[in-house]
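sequence plus predicted model, see below.
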There are 2 protein chains.
Amino acid sequence: MSGIDFVEQNKSYAATFDQGHLEIPPTKNLIILTCIDARIDPASQLGLKLGEAHVIRNAGGVAKDAIRSIVISQRLLGTKEIAVFHHVGCGMLLFETPKLRDIVKGAAPGDAAVASAVDAIDFLEFSNVEEGVRADVEYLKNHPLVLKGSIITGWVYDVTTGKVHKVV
Amino acid sequence: MSGIDFVEQNKSYAATFDQGHLEIPPTKNLIILTCIDARIDPASQLGLKLGEAHVIRNAGGVAKDAIRSIVISQRLLGTKEIAVFHHVGCGMLLFETPKLRDIVKGAAPGDAAVASAVDAIDFLEFSNVEEGVRADVEYLKNHPLVLKGSIITGWVYDVTTGKVHKVV
């Protein structure tokens, strides 16, 4: 039960590492917001080099769950552009919050701490990928804490083809 | 003000893409939780292949801000191991919530919507990287919604050397 040995996993990367000079502000003044999906690798899929962009990832790539990180990124580290990426085949299309709450409560019958904790969470699922992207871009454009004048765009990544397309 | 052209940025990746067969559950049953920092690229730094792990990224790689995503990952897609990575040179060491609230309010004097929105956010900063890792691992081990029996480990990535080390 000791888990994966990430020192071993990291060895070949560390052996040839030559990017220790990079500074903390992203050089493209860019935030990528995307999903946790295992088939997504923003750096390679979007041609981004180390040091260029902040990458926020949560289940779905949902804007509402990213505000804390966006405020820190914009106000302390100068990012001005936000690109929202949702993706084909997203798990957020496959459930609804009441159903997931039932699954969690069903796995711990009678456990009041579990029930109250899960009932407090909106899992922020969506039923259409492109509509989800549009809604999240609108949400960010209208959010009082997102800097006015930010460039905010919305995209879909297709995990079956490796391609991106622009939604808004 | 049209922003970066990600279709162009994605072209060479898409042209040689051959991973369209991957399915949604992460094949290593693994969640990586880490920071949004532009100098972090979890896939290459941790030797992870496409399809192996969910990657959650928020400012700091903070556990408290990752629970929604962790529940979806564990309960719907079968992940059992969570590796928490914080990093040397993290921006979360450089500010405190009251100071960031002042910065945001100072940029929009008299705007009540901005003031109430930012006062509602705990920015979850920490003052020591290794202590932050230990606290987050403990938080996850004790959280009612994290599956009992999960393997939960804590690590630090050094952006100046490219190396990881284990904390707990």
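Thanks, I have the structure now. Predicted, not measured: the structure shown is a model, and the values here were computed from it.

output the longest helix belonging to chain A.
helix A:129-142 (DSSP state H).

CA atoms of that one as PDB?
Only the C-alpha atoms of helix A:129-142 are listed here, as PDB (Å, rounded to 0.1, in the frame of the first residue of the first chain):
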ATOM      1  CA  VAL A 129     -20.200  19.900 -24.200                       C
ATOM      2  CA  GLU A 130     -20.500  23.000 -26.400                       C
ATOM      3  CA  GLU A 131     -23.300  24.500 -24.300                       C
ATOM      4  CA  GLY A 132     -21.100  23.900 -21.200                       C
ATOM      5  CA  VAL A 133     -18.300  25.800 -22.900                       C
ATOM      6  CA  ARG A 134     -20.500  28.700 -23.900                       C
ATOM      7  CA  ALA A 135     -22.000  28.900 -20.400                       C
ATOM      8  CA  ASP A 136     -18.600  28.900 -18.700                       C
ATOM      9  CA  VAL A 137     -17.200  31.600 -21.000                       C
ATOM     10  CA  GLU A 138     -20.300  33.800 -20.200                       C
ATOM     11  CA  TYR A 139     -19.900  33.000 -16.500                       C
ATOM     12  CA  LEU A 140     -16.300  34.200 -16.600                       C
ATOM     13  CA  LYS A 141     -17.100  37.300 -18.700                       C
ATOM     14  CA  ASN A 142     -19.800  38.400 -16.100                       C
END
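
buried sites along that helix?
A:129, A:132-137, A:139-140 (16 or more other C-beta atoms under 10 Å in any protein chain shown). (Each C-beta comes from the backbone N, C-alpha and C, glycine too.)

again, but for stretch A:115-132
By neighbour count on 16+ other C-beta under 10 Å, the buried set for stretch A:115-132 is A:115, A:117-118, A:121, A:123-126, A:129, A:132.

next one: stretch A:145-163
A:145-147, A:150, A:152-159, A:162-163.

keep only these that also lie close to chain B.
With C-beta under 8 Å from any C-beta of the partner chain as the criterion, these include A:145, A:153, A:155, A:159, A:162-163 near chain B.

quick one: which of the buried residues of helix A:129-142 is nearest A:Ala107?
For the buried residues of helix A:129-142, the closest approach to A:Ala107 (C-beta to C-beta) belongs to A:Gly132, at 27.6 Å.

would you list the phi and psi of A:Ile151?
phi -90, psi 120 (degrees, to the nearest 10).

tell me, what residue is most central in chain A?
A:Arg57 (2.2 Å; C-alpha atoms, centre = their mean).

pretty sure that one sits against B:Ala59.
No: counting by C-beta atoms under 8 Å, A:Arg57 does not reach B:Ala59; the two are 11.8 Å apart.

I'd like the distance from stretch A:130-146 to the chain centre, please.
Its chain's C-alpha centre and that of stretch A:130-146 lie 14 Å apart, by C-alpha atoms, centre = their mean, to the nearest Å.
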